[in-house]
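kindly generate the corresponding structure for this input.
(chains A, B, C and D)
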There are 2 protein chains.
Amino acid sequence: MLPKGWRPLGYAVPVAPAQRDAERTRAELLAVATEVFAEDGYSGARVDEIAERTRTTKRMIYYYFGGKEQLYLAVLEEAYRGIRDAERAIDVDHTDPVAAMRQLAELTFDHHVTHDAFIRLVAIENVHRGEFIRRLDSLRTLAQPAVTQLDEILQRGRAAGVFRDDVQALDVHLLISSYCVFQVANKYTFGFLFDVDLDSPAQRPHLRAMIGEVVVAWLTARASV
Amino acid sequence: MLPKGWRPLGYAVPVAPAQRDAERTRAELLAVATEVFAEDGYSGARVDEIAERTRTTKRMIYYYFGGKEQLYLAVLEEAYRGIRDAERAIDVDHTDPVAAMRQLAELTFDHHVTHDAFIRLVAIENVHRGEFIRRLDSLRTLAQPAVTQLDEILQRGRAAGVFRDDVQALDVHLLISSYCVFQVANKYTFGFLFDVDLDSPAQRPHLRAMIGEVVVAWLTARASV
DNA sequence: GGGCCAATGTACCAGACAGTACATTGGGTG
DNA sequence: CACCCAATGTACTGTCTGGTACATTGGCCC
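Got it, this is the predicted structure:
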């Protein structure tokens, strides 16, 4: 017989006291589910695997979330919320719009590189044609901080006469997002086909500087036709 | 009783004569499998569904390909081969490097927009961390026509003194690919979050012209720093 | 025209998987 | 300190799913 608070595991291992804590159980399920869904996709993820990786059981997934689908929805929502909050923390040069724009592009790059689980969730969601995210109305209303900041810099640059005035903030955001997301989301196929490692420490600074260069060159070019 | 060569389907429908044709059966399986894998992903795709959508049975998948995994590998390989051949057909201005570069970017854009099943397969493969594509050595050796053409234009532009000389062909390809792939691959989440339809006929020409603008502006800018 | 084998079809299986019925326990409250 | 219910655990189940054993058939070649 094992002492209370221990459970058999090959050899006995002390286990976090089996005290009940609804919040902690829910949070742990959500955290592990995020990992597993990001790892294996929605169809690939196994409810049993998620449960096994926590200190609780599958039963709790149904108790707290209702089912695999609702758990996935909760994961998506929390992930997007976290990213938006992180974006909000980005701060750039307040005087020189060109420097600010370059910085914003490069910080966005860093941001993507350090959140690859999130990028994977986004890719997975797009494979599903956005059928899940579309149900999360709460995400729609969140102002997108990245675009707001972009717009502000853009206006300063136009006022200073250094940026062209026929480009929308959302266009710039699309360009930057494309580049940054692609780095992370498509590194496997791109890396394989062109025999490069987009992840390597050698490439990283080059790729990082590049998006800044591109955006600044584009915005400071005189509009053609 | 139905005549030979007909099968019950609510009401009787004539069916392509049940003549045996190994090549056709294999090709049909591959075509349908491409659709289904692109639609539902590797884990989401069902062998039974693939079979049902063809005129033959599940048994044939195992006869011709060996299993779900090998079928997916065959799909991936054929898809990449098709794309490479399509890329090879791209032809651009032979005199003006700036016009050629803009054209190449815009044709690449068109190319991606019209091959969204392929883009989906790529996204799916990246969710799987490229574990399948990595086994297809045959794809690695295929010279990548897009990059070859890019390099040629880039050299002409440098020689003419209109393009900066510190940019590699692969970097340009990465930028263009990022933008074009993102349009298609991430249209659902991006569209939802920013309330735009990247697919709409109103947006399309704008988005198409934009990548040309960006690339040309970047390459014709004097190097900074 | 008959034999032979590639090509095809049918029926089935074993394991995986999402989900559930039912029992139990811990801790807060009166 | 006993009661109650939120929180948790155990042991299932029905169905789906990839894969296979075995039978059959069509067409080509001698």
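
chain A against DNA strand C: which residues are in contact?
With the criterion set to C-beta under 7 Å from any atom of the strand, chain A comes near DNA strand C through A:18-20, A:45-48, A:58-59, A:62, A:67-69. Placement of C-beta: from N, CA and C, glycine included.

can you name every helix or strand that the helix or strand A:Glu125 falls within contacts?
Following DSSP states H and E, the helix or strand that holds A:Glu125 is helix A:116-127. The elements that helix A:116-127 packs onto, with contact taken as 3 or more C-beta pairs under 8 Å, 6 or more residues apart in numbering or on different chains; DSSP states H and E, are helix A:22-44, helix A:68-88, helix A:169-185, helix B:116-127, helix B:187-194.

can you put these in TSV and add mean neighbour count?
Compiled in TSV, the helices and strands packed on helix A:116-127 are given as follows (neighbours: other C-beta atoms under 10 Å in any protein chain shown):
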stretch	mean neighbour count
helix A:22-44	18
helix A:68-88	17
helix A:169-185	22
helix B:116-127	22
helix B:187-194	20
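
number of residues surrounding A:Ala217?
Neighbour count for A:Ala217, taken as other C-beta atoms under 10 Å in any protein chain shown: 21.

just the pLDDT at it, thanks.
Among the per-residue scores, A:Ala217 shows a pLDDT of 98.

do A:Gln183 as well
On pLDDT, A:Gln183 comes in at 97.

wait, it touches A:His112, no?
Yes. Using C-beta atoms under 8 Å as the test, A:Gln183 is close enough to A:His112 to be in contact (6.6 Å).

avg pLDDT for the helix or strand following the helix holding A:Glu125?
Tracing the chain C-terminally past helix A:116-127 and defining elements by DSSP H and E, one meets helix A:137-141 next. The pLDDT scores in helix A:137-141 average 86.

could you give the angle of the next helix or strand after helix A:137-141 to helix B:187-194?
Going down the chain from helix A:137-141, the next helix or strand is helix A:145-159, by DSSP H and E. In this structure, helix A:145-159 runs at an angle of 70 degrees to helix B:187-194, with axes from the mean of the first three to the mean of the last three C-alpha atoms, to 10 degrees as the basis.

which other helices and strands does helix A:145-159 contact?
With contacts taken as 3+ C-beta pairs under 8 Å, 6+ apart, helix A:145-159 sits against helix A:68-88, helix A:97-113, helix A:169-185.

helix or strand for the closest residue to A:Leu104 other than its chain neighbours, which one?
Leaving aside its chain neighbours, A:Leu104 sits nearest to A:Val92 (5.1 Å; criterion: C-beta to C-beta, 6 or more residues apart in numbering or on different chains). With elements delineated by DSSP H and E, A:Val92 resides in a region that no helix or strand encompasses.

so A:Arg55 belongs to a helix, correct?
No. Counting by DSSP: H, G, I helix; E, B strand; the rest coil, A:Arg55 is not part of a helix but coil.

what sits against A:Tyr72?
Remark: with contacts taken as C-beta atoms under 8 Å, 6 or more residues apart in numbering or on different chains, A:Tyr72 is in contact with A:33, A:37, A:42, A:45, A:132.

make it 10 Å
Contact criterion C-beta atoms under 10 Å, 6 or more residues apart in numbering or on different chains gives A:33-34, A:36-37, A:41-42, A:45, A:65, A:121, A:124-125, A:128, A:132 as the residues in contact with A:Tyr72.

what of A:Glu78?
Under the criterion of C-beta under 10 Å, 6+ apart, the neighbours of A:Glu78 are A:27, A:30-31, A:33-34.

how confident was the prediction at it?
Per-residue pLDDT puts A:Glu78 at 97.

could you do A:Gln149 as well?
The per-residue pLDDT reported for A:Gln149 equals 95.

can you report how many residues neighbour it?
Using other C-beta under 10 Å, A:Gln149 is surrounded by 21 other residues.

from B:Arg59, how far off is it?
Using C-beta to C-beta, to the nearest Å, we find A:Gln149 at a distance of 58 Å from B:Arg59.

and A:Phe132, its phi and psi?
phi -90, psi -50 (degrees, to the nearest 10).

look up the closest residue to whichever residue of chain A sits closest to DNA strand D, ignoring the ones flanking it.
For chain A and DNA strand D, the shortest gap (C-beta to the nearest atom of the strand) falls at A:Ala22, measuring 3.2 Å. Closest residue to A:Ala22 in three dimensions, ignoring its sequence neighbours and counting by C-beta to C-beta, 6+ apart: A:Tyr64, at 7.9 Å.

got it, and A:Asp197?
In space, A:Asp197 comes closest to A:Gly191 once its chain neighbours are excluded; the distance is 5.6 Å by C-beta to C-beta, 6+ apart.

tell me how far the nearest residue to A:Asp199 once chain neighbours are set aside lies from A:Ala202.
If you skip the residues right next to it in sequence, A:Asp199 has A:Lys187 as its closest partner in space, 6.0 Å away by C-beta to C-beta, 6+ apart. Computed with C-beta to C-beta, the distance linking A:Lys187 and A:Ala202 is 14 Å.

show me what contacts A:Gln203?
Applying C-beta under 10 Å, 6+ apart, the residues near A:Gln203 are A:183, A:191, A:196-197, A:210.

state the pLDDT value of the residue nearest the centre of chain A.
If you average the C-alpha coordinates of chain A and look for the closest C-alpha using C-alpha atoms, centre = their mean, you land on A:Phe118, 3.1 Å from that point. Reported pLDDT at A:Phe118 in the predicted model: 98.

so what's it up against?
Taking C-beta under 10 Å, 6+ apart as the contact definition, A:Phe118 lies against A:34, A:38, A:76, A:79-80, A:82-83, A:86, A:111-112, A:184.

kindly reformat those as a markdown table containing distance to chain B.
Shown next, in a markdown table, are the contacts of A:Phe118 (distance: C-beta to the nearest C-beta, whole Å):
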| residue | distance to chain B |
| --- | --- |
| A:Thr34 | 15 |
| A:Ala38 | 9 |
| A:Leu76 | 10 |
| A:Ala79 | 11 |
| A:Tyr80 | 8 |
| A:Gly82 | 14 |
| A:Ile83 | 11 |
| A:Ala86 | 15 |
| A:His111 | 16 |
| A:His112 | 11 |
| A:Val184 | 9 |
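
test my guess that A:Asn126 contacts B:Gln183.
No. Applying C-beta atoms under 10 Å, one finds A:Asn126 not in contact with B:Gln183, separated by 11.4 Å.

give me the common contacts of these two.
Common contacts of A:Asn126 and B:Gln183, defined by C-beta under 10 Å, 6+ apart, comprise B:119, B:190.

hang on, isn't A:Arg134 packed against B:Asp195?
No. The criterion here is C-beta under 10 Å, and A:Arg134 misses it with B:Asp195 at 12.0 Å.
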